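1. Pasting the sequence and the predicted coordinates here, then a few questions.
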Amino acid sequence: MPINTQINKNLIIPVKDSKWWKEAVVYQIYPRSFKDSNGDGVGDLKGIISKLDYVQNLGIDAVWLNPIYASPNDDNGYDISNYREIMPDFGTMEDFDLLLQELHKRGIKLIMDLVVNHSSDEHEWFLQSKSSRDNPYRDYYHWWPAEKGKPNYRWSWFDVNSDAWKYDLTTDSYYLHYFSEKQPDLNWENPRLRNDVYEIMKFWLDKGIDGFRMDAFQFISKDTSFPELPKEIVDKPAEIIKYYGNGPRLHEYIQEMNREVLSKYDMMTVAEGAGSSPIEAMKFVDPDRKELDIAYHFESVEIGRHLTDFGLVKYKEIFSSYDTEFKDKGWLAIFLANHDQPRMVSKFGNDSNEFREISSKMLSTFVLTMRGTSFYYQGDELGMVNPRFNSIDEYRDLETRNKYINLKNKGGDLESFLEAQKQTARDNSRTPFQWDTTSNSGFTSGKPWLKANPNFEVINAEAQEINPKSVLNYFRKLIQLRKQNPVLVYGKYSLLDRENPNVYSYTRELNGKKLLILLNFTDKIADYNLNLNLGNLEIILNNYNDYKKLKNSLLRPYEAMIIELN
């Protein structure tokens, strides 16, 4: 059911410092799980091309594509062995060129992942680097000679033993890997390495891509003396991130990158994990600093197992504190899910049969009415949910599998671990896209690389296309509304009813136009107190699809309303 999402030019309100990437809705495609074209069970570029009409009809403006570079695939493509080649699982460079051409033909920009905190240990740089201590590529990575003793402990997210130093016999040295042992960290202290990275960026930009999402970029600068970690943060990932990030030369490197590459192209950049606070995040995207464009911070998703455990009042404060810092300059990404997070509706809403659709629509309303660039993960427009795997054999993500091995080696509670993974594991968002009711949800004619969620017979794009009240078509309406109302992009954000534990309410205001957004984050009827004279104002959009006059101060379970105040 295609919806016309063309911007009404008569409704555009001139805004200072307007940019296409501020107005964009970015749709994230995880290529391994989107659409398989050849029956090998792995999504690929030709599969994406075959579904571009669907992508276009969402009304989105840009696609963020997870890594498709050559890779041994230890961490699903985030371990890159050649930055100028395509992983054979995904196709060829000719397939990529056609994908880019077809996206641009449809007016859709392409954003690619830039993964340069680390490479694969099968990259030629590392193969050379490990071959001898005097190899020209030795300083492309962080090495610690064994004769100096074992280096001070560093946490690793994906290592079986959480140890980021790996001993290598060839040169009797340890190399650093913040992630998998097959993902050695690149040494940004080396100007030759930095120059090679800039040339890689130019290679893809010269092909015509429209920007980069900078993966794990907050970690590229390190204190290369590797001092002992404070005891209070050892083995505490949330604290470790703060310690690892914002190294001594981080912003120097980014400013150099801007001078050498970014400033020379019409493009956008997204800083993953930008800072550990609003003030730190601003440093990445303050236009006066000439660094990056959009801050993609993690505070909005690093809240534990579910929003109900964290608390809505504290959650409102996260967004409001960032908006306060960014109200005059800089720009934020607004998102609730990605390939490293559980499904949006399972973490922030309610994925029961009773409330899945309505809570999914409410969450989409939130993402698309906040100030910032909306980032939306594939399948959330259908209300896809966590698969809740029962066995470790059903998982493919190395983070989950290695944590399981570690716990098993220590004699830990494996049953409790697996139960927790049903809610938190990264594979929850990576199950195949649910296209229709045929075998494997129409994703592949073969055996999928990751098991499809059995509920695809109920939740799938084909069924939702023909249902005007579906989650999918509500998402399309929201995008259309955002495009027709620049107040939802650039308008001032004001939090209302701050201490309400159930309802998130705020206004957006620009050039005399003011919209009120009301969101019930619970499965109960909830009241709100706005101290506003609402009268019988007309509801522009609500997720119950019954556009009634606003007559009371109550919201139904997971209800979302957008109301014009003037």
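-> Done, it's in.

2. Contacts only, for the closest residue in space to Ile517 that isn't next to it in sequence.
-> Once flanking residues are discounted, Ile517 sits nearest to Thr369: 4.9 Å by CB to CB, 6 or more residues apart in numbering. C-beta here means a position set from N, CA and C on the backbone, and glycine is covered the same way. The contact partners of Thr369, by CB atoms under 8 Å, 6 or more residues apart in numbering, come to 478, 482, 488, 508, 515, 517, 562.

3. and Lys166, that one's in a helix?
-> No. With DSSP: H, G, I helix; E, B strand; the rest coil as the criterion, Lys166 is strand rather than part of a helix.

4. Quick check: closest non-adjacent residue to it.
-> Across the structure, with CB to CB, 6+ apart as the measure, the residue nearest Lys166 apart from its sequence neighbours is Glu181 (4.8 Å).

5. Ile539 and Asp546, how far apart?
-> 9 Å (CB to CB, to the nearest Å).

6. Please say which of those two ends up with more neighbours.
-> For the pair Ile539 and Asp546, the greater number of neighbours falls to Ile539 (17 against 8), based on other CB atoms under 10 Å.

7. Any idea what the more buried one is bridged to?
-> According to DSSP bridges, Ile563 are recorded as the beta-bridge partners of Ile539.

8. shaky segments in this protein?
-> Across the chain, residues meeting the criterion (pLDDT under 70) sit at 1-16, 535.

9. if you set the cut-off to 50 instead, what comes out?
-> The chain contains residues with pLDDT under 50 at 1-13.

10. Return the subset of the contacts of Thr369 lying in helices.
-> Of the positions in the contacts of Thr369, 478, 482, 488 sit in helices, assigned by DSSP state H.

11. Now render these as CSV, adding distance to Arg388 and neighbour count.
-> Formatted as CSV, the entries for those read as follows, by distance: CB to CB, whole Å; neighbours: other CB atoms under 10 Å:
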residue, distance to Arg388, neighbour count
Leu478, 28, 27
Arg482, 32, 21
Leu488, 34, 23
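
12. Between those, which sits nearest Arg32?
-> Proximity of the ones in helices among the contacts of Thr369 to Arg32 (CB to CB) peaks at Leu478, which lies at 27.3 Å.

13. can you pull the contacts of the closest one?
-> With CB under 8 Å, 6+ apart as the criterion, the residues that contact Leu478 are 364-365, 368-369, 541.

14. could you redo the last one with a cut-off of 7 Å?
-> Under the criterion of CB atoms under 7 Å, 6 or more residues apart in numbering, the contact list for Leu478 reads 364-365, 368.

15. what ranges do the helices span in the stretch 151-300 of the chain?
-> In the stretch 151-300 of the chain, helices defined by DSSP state H, counting those that start in this stretch lie at 191-207, 237-244, 250-260, 278-285, listed in chain order.

16. Check those helices for me and report the most buried one.
-> Each of the helices of the stretch 151-300 of the chain was scored by mean neighbour count; the highest is helix 278-285, a mean of 20, by mean count of other CB atoms under 10 Å.

17. neighbouring contacts of it?
-> Outside of helix 278-285, the residues that reach it under the criterion CB under 7 Å, 6+ apart are 246, 251, 271, 274-275, 289, 291-295, 297, 321-322, 325-326, 330-331.

18. Could you turn the buried ones of those residues into a ChimeraX selection?
-> Applied in ChimeraX, the following selects the buried portion of the contacts of helix 278-285 according to 16 or more other CB atoms under 10 Å:
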select :246,271,274,275,291,292,293,294,295,297,322,325,326,330,331
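
19. Take the contacts of helix 278-285 and keep only those in strands.
-> With strands defined by DSSP state E, the entries of these inside them are 271, 294-295.

20. Please export the C-alpha coordinates of the helix or strand harbouring Glu419 as PDB.
-> Taking DSSP states H and E as the definition, one finds Glu419 inside helix 414-424. Listed next in PDB are the C-alpha coordinates belonging to helix 414-424 (Å, rounded to 0.1, in the frame of the first residue of the first chain):
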ATOM      1  CA  LEU A 414      23.800 -21.400  32.100                       C
ATOM      2  CA  GLU A 415      20.000 -21.600  32.300                       C
ATOM      3  CA  SER A 416      19.800 -18.100  33.800                       C
ATOM      4  CA  PHE A 417      22.200 -16.800  31.200                       C
ATOM      5  CA  LEU A 418      20.100 -18.100  28.300                       C
ATOM      6  CA  GLU A 419      17.000 -16.800  29.800                       C
ATOM      7  CA  ALA A 420      18.500 -13.300  30.000                       C
ATOM      8  CA  GLN A 421      19.800 -13.500  26.400                       C
ATOM      9  CA  LYS A 422      16.200 -13.900  25.300                       C
ATOM     10  CA  GLN A 423      15.800 -10.300  26.200                       C
ATOM     11  CA  THR A 424      19.300  -8.800  25.600                       C
END
